[in-house]
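Q: Here's my sequence, what's the structure:
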Amino acid sequence: MTSLARALQLLSYAAIALAFAVSAVAEMIGQDSFENSNFSPIWSQTKGITIQNSGRANATHGFASLSSNGGKLVGTLAIPNKSAHGLSDFSIEFFFRTRNTIKSMFNLQIEGSKIATASSSESVLNLCYEAQKGWGISAGSNGSTSWQPIAGMKPISLDAWYRFQFVGRNWGETNAYCNLQLSNPNGTAFTTSTTNLVYFQGSNFQLDIQLAQHFALVNTAAGKSDFDVDEVSITAITPYKGTVVRDVNMKTLFGKVMCGYQGWFGAPGDGSSERGWRHWTKNRGPLADGNARVDFWPDVSELI
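A: This is a model prediction of the structure:
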């Protein structure tokens, strides 16, 4: 990819990020990287959890291993001292790993007034992954269970860490929906996504929907099939409710913010006519300690 093409790509990512920033404000309300045996205050219940310190995700030292047959982490979705009744817009992000490609089964459950359990019939939304079926939403009604497959989500590889994000929007309203994002095996950038999922628990969901108050990560696999979790973060999203300008006056710069990207930086293999590290280094040679010219640069991996 040439420097100009890369610059245009980064500029498009920045535009997407800016659009999101204008439409919503995110506030981190809890996280847990399982660095020691002390669980984060976000958890209201832990069952069948073992903290491990070898083979973790990303650059952390520990992770939580959920035992099969119901190991679970139950968390609270609320802003301390603000939203005791739950959240309307929120995101749940974490890394996960499965150990058995044949038996792997785990759920992410979202609940309103009740604390989520291993039973799909008690959750408002029961997002599942089963090795034999793939991704789907399981729903129970009148003693029967249905399975709604989710298109676009890739199957999980054995013993690989994945970064996953669940975003719930408009919870407590009749137009509630959720979005999902997933990385490649052992990757950090999201490469797979599905949006506007509206298949929730029960036919009367749209009539009695509540704010999201609890979530649970549950290992529902039988036998020996651990489910590992790391780097959990919970974010409350506050939708922008200010003035929206529909028509832009193209004849003036007054009242506007100008953004630009200078694409003169080059790197080996980028396809440009000038080879080597152009503008990255103080002197000719590789980009290395003591020869870096730039002070810092933004991490845009989550925008790719």
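Q: lowest-confidence helix or strand of the protein?
A: The weakest-scoring helix or strand in the chain, judged by mean pLDDT, DSSP states H and E, is helix 205-208 (a mean of 44).
Q: Mind giving me the packing neighbours of the helix or strand containing N196?
A: Assigned by DSSP states H and E, N196 belongs to strand 190-197. The contact analysis (3 or more Cβ pairs under 8 Å, 6 or more residues apart in numbering; DSSP states H and E) places strand 190-197 against strand 177-183. (C-beta placed from N, C-alpha, C; glycine too.)
Q: Specify the angle between the strand it packs on and strand 190-197 in degrees.
A: Counting by axes from the mean of the first three to the mean of the last three Cα atoms, to 10 degrees, strand 177-183 points 170 degrees away from the direction of strand 190-197.
Q: what comes up buried for strand 177-183?
A: Of all the residues in strand 177-183, those buried under the rule 16 or more other Cβ atoms under 10 Å are Y177, C178, L180, Q181, L182, S183.
Q: low-confidence ranges in the stretch 1-150 of the chain?
A: Along the stretch 1-150 of the chain, segments meeting pLDDT under 70 span 1-24, 57-60, 83-84, 101, 113-123, 140-145.
Q: Repeat that for the stretch 151-300 of the chain.
A: In the predicted model of the stretch 151-300 of the chain, residues 199-209, 261-263, 271-275, 284 satisfy pLDDT under 70.
Q: that older thread, next secondary structure after the least confident helix or strand of the chain?
A: Counting by DSSP H and E, the element after helix 205-208 in chain order, helix or strand, is strand 214-219.
Q: Give me the residues contacting that next one.
A: For strand 214-219, contacts defined as Cβ atoms under 8 Å, 6 or more residues apart in numbering pick out 44-45, 48, 66-77, 92, 94, 105-112, 114-118, 123, 225-227, 229.
Q: Same question for stretch 50-64.
A: Contacts made with stretch 50-64 from outside it, assessed by Cβ under 8 Å, 6+ apart, are listed as 32-37, 49, 65, 67, 73, 95, 97, 161, 163, 188, 228-231.
Q: mind listing what's buried in it?
A: Those would be R56, A57, G62, F63, A64, for stretch 50-64 by 16+ other Cβ under 10 Å.
Q: ok but L108 is inside a helix, no?
A: No - under DSSP: H, G, I helix; E, B strand; the rest coil, L108 sits outside any helix and is assigned strand.
Q: Against Y129, how distant is it?
A: Counting by Cβ to Cβ, to the nearest Å, the separation of L108 from Y129 is 9 Å.
Q: With S91 instead?
A: Distance, S91 to Y129, using Cβ to Cβ: 18 Å.
Q: for N184, same thing?
A: In terms of Cβ to Cβ, N184 sits 16 Å off from Y129.
Q: what does K72 give?
A: Using Cβ to Cβ, one obtains 15 Å as the distance from K72 to Y129.
Q: now swap in W297 and tell me
A: 35 Å.
Q: what does I137 give?
A: For I137, the distance to Y129 equals 11 Å [Cβ to Cβ].
Q: before we move on, what about F63?
A: From F63 to Y129 the distance is 18 Å (Cβ to Cβ).
Q: give the contact list for N249.
A: N249 makes contact with no residue, according to Cβ under 8 Å, 6+ apart.
Q: Assumed it was part of a strand.
A: No - N249: not assigned to a strand; according to three-state DSSP it is coil.
Q: Next up, the contacts around the most centrally placed residue in the chain.
A: Centre of the chain computed as the mean C-alpha position; nearest residue by Cα atoms, centre = their mean is Q165, 1.7 Å away. Residues near Q165 by Cβ under 8 Å, 6+ apart: S91, I92, E93, N179, L180, Q181, L182, F190.
Q: thought the first one was touching V167?
A: What that stands for is S91. Yes - the criterion here is Cβ atoms under 8 Å, and S91 meets it with V167 at 4.6 Å.
Q: Find the residues that touch each one of these two.
A: Residues touching both S91 and V167 (Cβ under 8 Å, 6+ apart): I237.
Q: Alpha carbons of stretch 172-179, as CSV, please.
A: Output of stretch 172-179 as CSV, limited to C-alpha atoms (Å, rounded to 0.1, in the frame of the first residue of the first chain):
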residue,chain,number,x,y,z
GLY,A,172,-35.2,-0.2,27.6
GLU,A,173,-36.8,1.0,24.4
THR,A,174,-38.7,-0.9,21.7
ASN,A,175,-36.0,-0.3,19.1
ALA,A,176,-33.2,-2.0,21.1
TYR,A,177,-30.5,-3.8,19.2
CYS,A,178,-26.9,-5.0,19.6
ASN,A,179,-23.7,-5.1,17.5
